[in-house]
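> generate a structure from the sequence data that follows.
(4 chains)
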Number of protein chains: 2
Amino acid sequence: MVKIEEAIQQKQFKDPFNKAVVNLLYTNSYLVTSQNALFKPYGISPEQYNVLRILRGQNGVPTTVSSIQDRMLNKMSNASRLVEKLKVKGLVKRSECPNDRRQVDVLITEEGLKVLAELQVKVEQGNRNFVNLTIEEVILLNDLLDKLRG
Amino acid sequence: MVKIEEAIQQKQFKDPFNKAVVNLLYTNSYLVTSQNALFKPYGISPEQYNVLRILRGQNGVPTTVSSIQDRMLNKMSNASRLVEKLKVKGLVKRSECPNDRRQVDVLITEEGLKVLAELQVKVEQGNRNFVNLTIEEVILLNDLLDKLRG
DNA sequence: ATACATTATATGTCTATACATTCAATAGAG
DNA sequence: CTCTATTGAATGTATAGACATATAATGTAT
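Numbers count the residues shown, from 1 in each chain, chains lettered A, B, ... in the order given. Got it, this is the predicted structure:
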């Protein structure tokens, strides 16, 4: 086990709270790097994958761009541009919302569902491997993270 | 406490391991967004702050770009360009390394030390506030994260 | 000493985050 | 209905992450 102090060669931290922030940023980087290797062969980024998952969760009901935004892991990201990228790849369809012409209905395509299903198997297996904890530890970790954001 | 399921409106996860990965990515976004608000008034990004901290840790001994890279929170980042940004702001100095002219010695300036000291007070206080855990919980979290990366 | 491999850094390009601004459509007040 | 405010989406711009490639300096084999 490589402690955060060794990993980034920092001898000490102000307090365990500041250490935890650095540890979370560093662990995030570890996870993102690990996940990127999985996504690379598919030409889809983790963020685009996440948008596809959100759309599939709708079970065929179209979703607006702002609704996607609300459900993204990174609220500060840009759903509009991610949807555009996915549209170019033929994985989603975009159409003007009839009730409110400001809004845009986004729907995952058959091709999008196919790509998502294939990717999901790899990602879910990968994620299990990246997290080197017991089931008890990982449940505890989830509780701590939920509380942390308090 | 807002559980991750509510936060991103996802009803369930494949297993606690996959939930933990999503929870970590989401919590990272929460922390980065919180920190950005602190950094904004100083015109320095969290990544640039981190490079300044690494340089100060050298206590006046110059550091090469690759050594900075190794100690960054995000190993895939680009130390060369971050150093260039800091140089433009007058916070670091760059000079050719005499022993090996491929290398570049990087040194934090007086101005860099001053800005860093000022920022650090805010960041350390902020980090304590962002992490809504008891001291026992935060120590446990650090242990879990170190083990997770296994 | 020359040729070739390796190393340190810089640069190019694409994607995404962060955040401000624009623009069209709609809602609401009078 | 008209004027104004608000909303939803798109766009502009800067910074950074991801990764390939370029360039120069150094090391090494012959």
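> domain assignment for chain A?
Split into domains by automatic domain parsing, chain A comes to A:12-42, A:43-123.
> give me whichever of those domains is most buried.
Mean neighbours per residue, mean count of other Cβ atoms under 10 Å in any protein chain shown, is largest over the domains of chain A for domain A:12-42, with a mean of 18. For every residue, glycine as well, the C-beta is placed using N, CA and C.
> just confirm yes or no for that domain near DNA strand D.
Yes: Domain A:12-42 lies within reach of DNA strand D by Cβ under 7 Å from any atom of the strand, at A:29, A:32-33, A:36-37, A:40.
> would you list these in TSV and tack on pLDDT, distance to chain B and secondary structure?
Shown next, in TSV, are the residues of domain A:12-42 next to DNA strand D (pLDDT from 0 to 100; distance: Cβ to the nearest Cβ, whole Å; DSSP: H, G, I helix; E, B strand; the rest coil):
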residue	pLDDT	distance to chain B	secondary structure
A:Ser29	97	5	helix
A:Val32	96	8	helix
A:Thr33	96	6	helix
A:Asn36	94	8	helix
A:Ala37	93	11	helix
A:Lys40	92	13	helix
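> what's the closest of these to A:Gln125?
Using Cβ to Cβ, A:Ala37 comes nearest to A:Gln125 of the residues of domain A:12-42 next to DNA strand D, at 12.8 Å.
> ok, the closest one - contacts?
Not one residue lies near A:Ala37 by Cβ atoms under 8 Å, 6 or more residues apart in numbering or on different chains.
> quick one: it from DNA strand C, how far?
15 Å (Cβ to the nearest atom of the strand, to the nearest Å).
> tell me which parts of chain A are close to DNA strand C?
Near DNA strand C, when you scan chain A using Cβ under 7 Å from any atom of the strand, you find A:45, A:47-48, A:74-78, A:81-82, A:85, A:100-102.
> and those near DNA strand D, which?
Within those, those near DNA strand D by Cβ under 7 Å from any atom of the strand are A:78, A:81, A:100, A:102.
> among these, name the ones in strands.
Among these, no member falls in strands (criterion: DSSP state E).
> thinking again about what came up before, restricted to helices, list the residues of chain A next to DNA strand C.
Judged by DSSP state H, the residues of chain A next to DNA strand C include A:47-48, A:81-82, A:85 as members of helices.
> out of those, which is nearest to A:Val131?
The closest of those, once distances to A:Val131 are taken by Cβ to Cβ, is A:Glu47, at 20.2 Å.
> ok, now which ones touch the closest one?
Counted by Cβ under 8 Å, 6+ apart, A:Glu47 has contacts A:72-74, A:77, A:82.
> okay, among those residues, which ones form the most distant pair?
A:Leu73 and A:Leu82 (11.7 Å).
> ok so, going back, among the ones in helices among the residues of chain A next to DNA strand C, which one lies nearest to B:Lys93?
A:Glu47 (37.1 Å).
> how near is the residue most central in space within chain A to A:Ala7?
Nearest residue to the geometric centre of chain A (Cα atoms, centre = their mean): A:Asn50, 4.8 Å. In this view, A:Asn50 and A:Ala7 are 27 Å apart by Cβ to Cβ, to the nearest Å.
> just send the contacts of A:Glu47 back as CSV, with distance to A:Glu118 too.
Output for the contacts of A:Glu47, formatted as CSV (distance: Cβ to Cβ, whole Å):
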residue, distance to A:Glu118
A:Met72, 22
A:Leu73, 21
A:Asn74, 24
A:Ser77, 24
A:Leu82, 19
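> which SSE is the residue sitting furthest away from the middle of chain A in?
In chain A, counting by Cα atoms, centre = their mean, A:Lys11 sits farthest out from the average C-alpha position, at 31.8 Å. A:Lys11 is part of no helix or strand, with elements assigned from DSSP states H and E.
> how about the contacts made by it?
Neighbour list for A:Lys11: A:5, B:57 [criterion: Cβ under 8 Å, 6+ apart].
> to B:Val121, which of the domains of chain A lies closest?
Closest to B:Val121 of these is domain A:12-42 (Cβ to Cβ; 10.1 Å).
> next one: the closest one to chain centre, how far?
14 Å (Cα atoms, centre = their mean, to the nearest Å).
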